[in-house]
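Undergrad: Predicted structure and sequence below. I'll ask about it afterward.
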Amino acid sequence: MKRGMIPFNKPYTTGKEIDNIKKAITNFHLSGNGPFTKKCQNLLGERYRINNCLLTTSCTDALEMASILINIQPGDEIIVPSFTFVSTALAFARQGATIIFADSRNDNPCIDENQIEQLITSKTKAIVPVHYLGFPCEMDRIMQIAEENNLIIIEDAANAFRSRLKGRLLGTIGHLGCFSFHETKILQCGEGGMLSINDNRFSERAKIIWEKGTNRTEFQRGEVQKYEWLDIGSSFLLSDINASFLFSQLEKAEEIIGHKKLQWELYYSLLENLKNRGLIKLPVISVSVGYNYSGFYLETRNVSEREYLRKHLLERGIQAVTHYLNLSTSPYILKNQAPLRVGNNENSTRYENTILRLPFYHSLDEMQIRKITTSIYEFYSCAKN
């Protein structure tokens, strides 16, 4: 990164992380499911009513746990959006599932709930809606479809911690919810994730899968004299050092999100004129959404314009980035299950080609945001409209 460059992301620390890491060391419990893991779980329960959750090493691991929990078998079909990160599909493909791709909505990158029903077959087992950058999918309709077809809903809420829809936290509406605490997310511990178990039928088995397929959790509570291998699983637990880091972020979550809200609104207000002139599109927040302001993006009119704008910003020391690819056209899918693709996923392709994510991190100040937006105006003043 060049000196003076405005990067896309800078991980934020509250100032308490080092102290908490030292406390974790003096606790003499550095592996998973330690004192700070329990502190995080207690805070999540008390403040957010996420009362049944397991910290994991990543959101990918949380998704893989969910795949094991719902007993994915070869030939089962899982409906996922085509515009998402590879982990959304990979977690289920690893268990042998066939991935069925749904397109995005025309007005935002979330899954088009009106396309889901036509993709359901007798082999369909679950739907995995992804809350793009914390913006909610239409969960009322998705849950209705799941109930009518006896399907499981696994929310990929990687970017959606603390976002709400009609007062309900994203990631707690479906049967299972998966979160990320990667350093690019609104709360972070470098690498980390969480599985929220919202349906009690999965609770006990989730703890076994989390602990490498054993009843070690019961052993640690003194409920059994030894722990045994009971099921499949893996080492999904988050180290207590990472949990101690995460706890400092969770304590300041509302303050962090409040600051991001101010940054997001400044970006929007400064770029709104370009939106009104039809030169770019900006995300829309519905009145029913309690957004977590986890990222800011704009849409250009086509792929070449997006690339010219990205280069224009880079030349001025600003790192803006593209985002997800349309997974239905990825090399893995084309090689392994191309005949099963449905439609051309045209909205997903559009977002792949037109979304540009702007720098968005806690220490980004007003002067830097104004430099970024001024540079965008300079580009469009020179571009042929």
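TA: Good, I have the coordinates.
Undergrad: Find the least confident helix or strand in this protein, judged by mean pLDDT.
TA: Using mean pLDDT, DSSP states H and E, helix 216-220 stands out as the lowest-scoring helix or strand of the chain, at a mean of 77.
Undergrad: how about that helix: buried residues?
TA: 216, 217, 218 (16 or more other Cβ atoms under 10 Å). In this view, the C-beta of every residue, glycine as well, is placed from N, C-alpha and C.
Undergrad: I'd like to know which of those residues is nearest to residue 172.
TA: For these, the closest approach to residue 172 (Cβ to Cβ) belongs to residue 217, at 21.8 Å.
Undergrad: my read: the closest one touches residue 207, true?
TA: Yes - using Cβ atoms under 8 Å, residue 217 is in contact with residue 207, at 4.8 Å.
Undergrad: any idea how far stretch 226-236 is from the chain center?
TA: 27 Å (Cα atoms, centre = their mean, to the nearest Å).
Undergrad: ok, back up a step: could you list the residues in contact with the least confident helix or strand of the chain?
TA: Helix 216-220 is contacted from outside by 33, 207, 208, 210, 211, 224, 225, 226, 227, using Cβ atoms under 8 Å, 6 or more residues apart in numbering.
Undergrad: Domain parsing of this structure, as residue ranges.
TA: Listed by automatic domain parsing, the domain ranges of the chain are 17-252, 254-382.
Undergrad: Please compute how far the one helix or strand residue 307 maps to lies from its chain's middle.
TA: Residue 307 is part of helix 303-315, with elements assigned from DSSP states H and E. Helix 303-315 sits 26 Å away from the centroid of its parent chain (Cα atoms, centre = their mean).
Undergrad: Start the count at 28 instead of 1 going forward.
TA: In the new numbering, first residue 28, that becomes helix 330-342.
Undergrad: So for that helix, what gets flagged as buried?
TA: Applying 16+ other Cβ under 10 Å to helix 330-342 flags 332, 333, 336, 337, 339, 340 as buried.
Undergrad: and residue 228, how many residues sit next to it?
TA: Here the count is done by other Cβ atoms under 10 Å, and residue 228 has 9 residues near it.
Undergrad: quick one, phi/psi of it?
TA: Phi and psi for residue 228, reported as degrees, to the nearest 10, are phi -70, psi -20.
Undergrad: where's it relative to residue 58, distance?
TA: 28 Å (Cβ to Cβ, to the nearest Å).
Undergrad: related to what we said a few turns ago, of all the buried residues of helix 243-247, which comes closest to residue 73?
TA: residue 244 (21.0 Å).
Undergrad: Count the residues that sit near residue 47.
TA: Residues near residue 47, counting by other Cβ under 10 Å: 22.
Undergrad: Does it touch residue 278 like I think?
TA: No - Residue 47 lies out of contact with residue 278 (Cβ under 8 Å); the separation is 9.4 Å.
Undergrad: on that earlier part again, just say which of the domains of the chain is most tucked in.
TA: domain 44-279 (a mean of 20; mean count of other Cβ atoms under 10 Å).
Undergrad: so how far is residue 50 from residue 62?
TA: 8 Å.
Undergrad: What of residue 82?
TA: From residue 82 to residue 50 the distance is 17 Å (Cβ to Cβ).
Undergrad: And the residue nearest to residue 59 when sequence neighbours are not counted, how close does it get to residue 113?
TA: Once flanking residues are discounted, residue 59 sits nearest to residue 264: 2.5 Å by Cβ to Cβ, 6 or more residues apart in numbering. The gap separating residue 264 from residue 113 is 23 Å, by Cβ to Cβ.
Undergrad: Which pLDDT value goes with the closest residue in space to residue 269 that isn't next to it in sequence?
TA: Nearest residue to residue 269, sequence neighbours excluded (Cβ to Cβ, 6+ apart): residue 216, at 4.5 Å. In this model, residue 216 is scored at 98, pLDDT.
Undergrad: Quick one: distance of stretch 304-321 to the chain centre.
TA: With Cα atoms, centre = their mean, you get 17 Å for stretch 304-321.
Undergrad: swap in stretch 317-336?
TA: 17 Å.
Undergrad: same thing with stretch 106-119?
TA: 11 Å.
Undergrad: contacting residues around that stretch?
TA: Against stretch 106-119 from outside (Cβ under 8 Å, 6+ apart): 85-87, 90-91, 93-94, 99, 105, 126-131, 136-138, 143, 146-147, 151, 153-157, 159, 183, 185, 351, 353-355, 357, 372, 374-375, 378-379.
Undergrad: taking the residues you listed one by one, which sit in strands?
TA: Counting by DSSP state E, these place 105, 126, 127, 128, 129, 151, 153, 154, 183 in strands.
Undergrad: Now the two most distant members of the residues you listed.
TA: So, the ones in strands among the contacts of stretch 106-119 by Cβ to Cβ: farthest apart are 151 and 183, at 17.1 Å.
Undergrad: Alpha carbons of stretch 151-161, as PDB, please.
TA: Provided in PDB are the C-alpha atoms of stretch 151-161 (Å, rounded to 0.1, in the frame of the first residue of the first chain):
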ATOM      1  CA  THR A 151     -34.500 -29.500  -2.000                       C
ATOM      2  CA  LYS A 152     -33.400 -29.500   1.700                       C
ATOM      3  CA  ALA A 153     -32.600 -25.900   2.600                       C
ATOM      4  CA  ILE A 154     -32.500 -22.300   1.400                       C
ATOM      5  CA  VAL A 155     -29.500 -20.100   2.300                       C
ATOM      6  CA  PRO A 156     -30.500 -16.400   2.000                       C
ATOM      7  CA  VAL A 157     -27.500 -14.000   2.200                       C
ATOM      8  CA  HIS A 158     -28.000 -10.500   3.800                       C
ATOM      9  CA  TYR A 159     -25.900  -8.600   1.400                       C
ATOM     10  CA  LEU A 160     -23.700  -6.100   3.400                       C
ATOM     11  CA  GLY A 161     -26.200  -6.300   6.200                       C
END
